[in-house]
Each structure stands twice: as C-alpha cells, then as structure tokens.
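# After the sequence you'll find the predicted model.
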Amino acid sequence: MSAVKGPGDAQGGTGETPEQPTPEQLARQVAARAGVQRRGDGQVDVLATIGGLRGLVEAIGPGLIFIVVFTVTQQLDVALIGALGIAAVLTIIRLIQRQSLTQALAGLAGVVICALFARTTGEARGFYVPGFLTNVGYGAALVISIFVKWPLMGVVFGFIRGEGLDWRQTPARVRAYSIATWIIVAVFTARLAVQLPLYYASADDGGALTALGSARLIMGVPLYAMGLWLAWMLSRPREARGPVA
C-alpha cells in the first residue's frame, strides 16, 4: 500500500514554507539600496551618495552629450550614438579598473531606454519621456509611504542614524521624517512642473528642447542632492538636554 503524501511531500518532503521577511528586514533592504552615505561628523555625505565625482559624471555626461550634439547637428541618431557611447565608455572604464558596476550599468540601462523612446517616436524630445515616468513613480511611492505612516526617508535615514525603526514609536520623529519625505516629493514635483511644459513646447520650438535638456541637467543630480541635504538637516533628532539645575 502506498503512503499518502502530505502537502510537504509534494514540495520536496520538507514541509517548510519560505520564511517571510519582517518589516525591519524589508526596511533595512530599502535603506541599503538607497545608497545614502554619512560622514564622520554625522552629516549626510551627498557627494558619496551620488557616487562621488565619477558618479556625477556618469549621471550628467550622457544627457549633456545628447543635448549638445543634437543642438549642433540636429541629427537624432548622431546625438543618440554620442549619449550611448559616453555611457558605454564610462562603464568599460569601471570594468577595466574592477570597480563596482552597479551605478554605471544602471546609468547605461537608463540611457538605452531613453534612446529607445527617442528612436521609436522619431523625436529628440522622446529621450526625456522615461524621466517623467520615473519622477511620477518615485513621487507616488513617497507620497503613499507618508500616508501609511512609513515615510521612506525615515526608513533610509533611520538606519543610517542608528534609530532603526524606533522612530516610528515617537510621533514627533514620524512628523519630522514625513517632512523630509515631502521635501524629496517636492524635488520630483518641481521637475515635472518645469520640464513638462518645455516638453510640450519643444514640439514646435527647438529652443524649448534645448531648455528642456538644460533643465533636466540642472534639476537632476544637483537638485536631488540639495533636497537630500535639506531633508537630512530638517529631520535631525533634537539633542537631549541635561537635567535643569
């Protein structure tokens, strides 16, 4: 007589179900992936967070090459080749120097996606469409995190400051991190408010396209870095006061 198999036997005989990550484990993963760095003096290291000078070049370089080449040549394919070329070169340099490829590959993938949008639409302004979608997505996620009382900047800054998730037990800290998260939301909102009108105007005005490219560069890493620093400063814990004599 054959034995009747239980639910666990059908999955290899262990009878064990995969362990679900705890909220703290998920929060740690979010904080780690954010890549925010802290200096020895306790301040957020904005330059290190964006990958140093090389990270800044990798973030700005392809977009700068694209808008400059297109403005000069008015050739979409040439501008796309230039942007993809500089992104590929920066990635190869990291590979040769055996450095982390995460940021470079992410940047290269982003440029490829932007190039596909531009090539599919046949318009240079299509290069900037993925950026709009990214801003909307990140902004929506941040707003949702605030309304569910898990402001994402608290998740990120909390672990960097050694607070873990303890800040969620203190209403004042939740408010502080909600404000910090709203600041980053404001960064994404400002990008859309400035760049979307330029995007639509660029259909008939070449100058608007140049302005759009310039705005994308200025409101990219520099604006995000300023917002990140401001969010860090405004969410600082208040220093504990000693007993009054």
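It's in. Here the structure is a predicted model, which is why all the values come from computation and not from measurement.

# going forward, measure contacts and count neighbours with C-alpha atoms only.
OK.

# Mean confidence (pLDDT) on stretch 104-118, please.
For stretch 104-118, the mean pLDDT works out to 87.

# Same check on stretch 229-238?
The model assigns stretch 229-238 a mean pLDDT of 89.

# what comes up buried for the host helix or strand of residue 197?
Here residue 197 sits within helix 171-201, counting by DSSP states H and E. Within helix 171-201, the residues that count as buried by 16 or more other CA atoms under 10 Å are 173-185, 187-188, 191-192, 195, 198-199.

# and after it, which helix or strand comes next?
helix 206-218.

# Give me the contacts around that following helix.
The contact list for helix 206-218, computed with CA atoms under 8 Å, 6 or more residues apart in numbering, reads 60, 63-64, 67, 71, 125, 191, 194-195, 198-199, 201-202.

# what about 10 Å?
59-61, 63-64, 66-68, 70-71, 74, 124-125, 127-128, 131, 191-192, 194-203, 219-220, 223-224 (CA atoms under 10 Å, 6 or more residues apart in numbering).

# for this structure, what spans make up the strands?
37-38, 44-45 (DSSP state E).

# and the first one, average pLDDT?
Read that as strand 37-38. Per-residue pLDDT over strand 37-38 has a mean of 69.

# likewise the last one?
When the per-residue pLDDT values of strand 44-45 are averaged, the result is 70.

# What strands flank it, and is each parallel or antiparallel?
Sheet pairing of strand 44-45 (DSSP bridges) gives strand 37-38 (antiparallel).

# What about residue 83, how many residues nearby?
25 (other CA atoms under 10 Å).

# any idea how far the residue lying closest to it once chain neighbours are set aside is from residue 161?
Sequence neighbours aside, residue 62 is the residue nearest to residue 83 in space, at 4.3 Å (criterion: CA to CA, 6 or more residues apart in numbering). To residue 161, residue 62 is 34 Å away according to CA to CA, to the nearest Å.

# Compare these two and say which is more crowded by neighbours.
A count of neighbours by other CA under 10 Å puts residue 62 above the other of residue 62 and residue 161, at 25 against 15.

# for the more buried one, what are its contacts?
Residue 62 makes contact with 79-88, 90, 107-108, 110-111, according to CA under 10 Å, 6+ apart.

# So which of those residues belong to helices?
79-88, 90, 107-108, 110-111 (DSSP state H).

# Check pLDDT for these and point me to the minimum.
Scanning these for pLDDT, the low point is residue 107. It has 78.

# quick one: it and residue 87 touch, right?
Yes - between residue 107 and residue 87 a contact is recorded at 7.1 Å, counting by CA atoms under 10 Å.

# the more surrounded of these two?
A count of neighbours by other CA under 10 Å puts residue 87 above the other of residue 107 and residue 87, at 27 against 21.

# ok, that one touching residue 112?
Yes - here residue 87 reaches residue 112: they are 9.1 Å apart, a contact under CA under 10 Å.

# anything in contact with each of those two?
Contacts common to residue 87 and residue 112, judged by CA under 10 Å, 6+ apart, are absent.

# Tell me how far stretch 52-68 lies from the chain's centre.
15 Å (CA atoms, centre = their mean, to the nearest Å).
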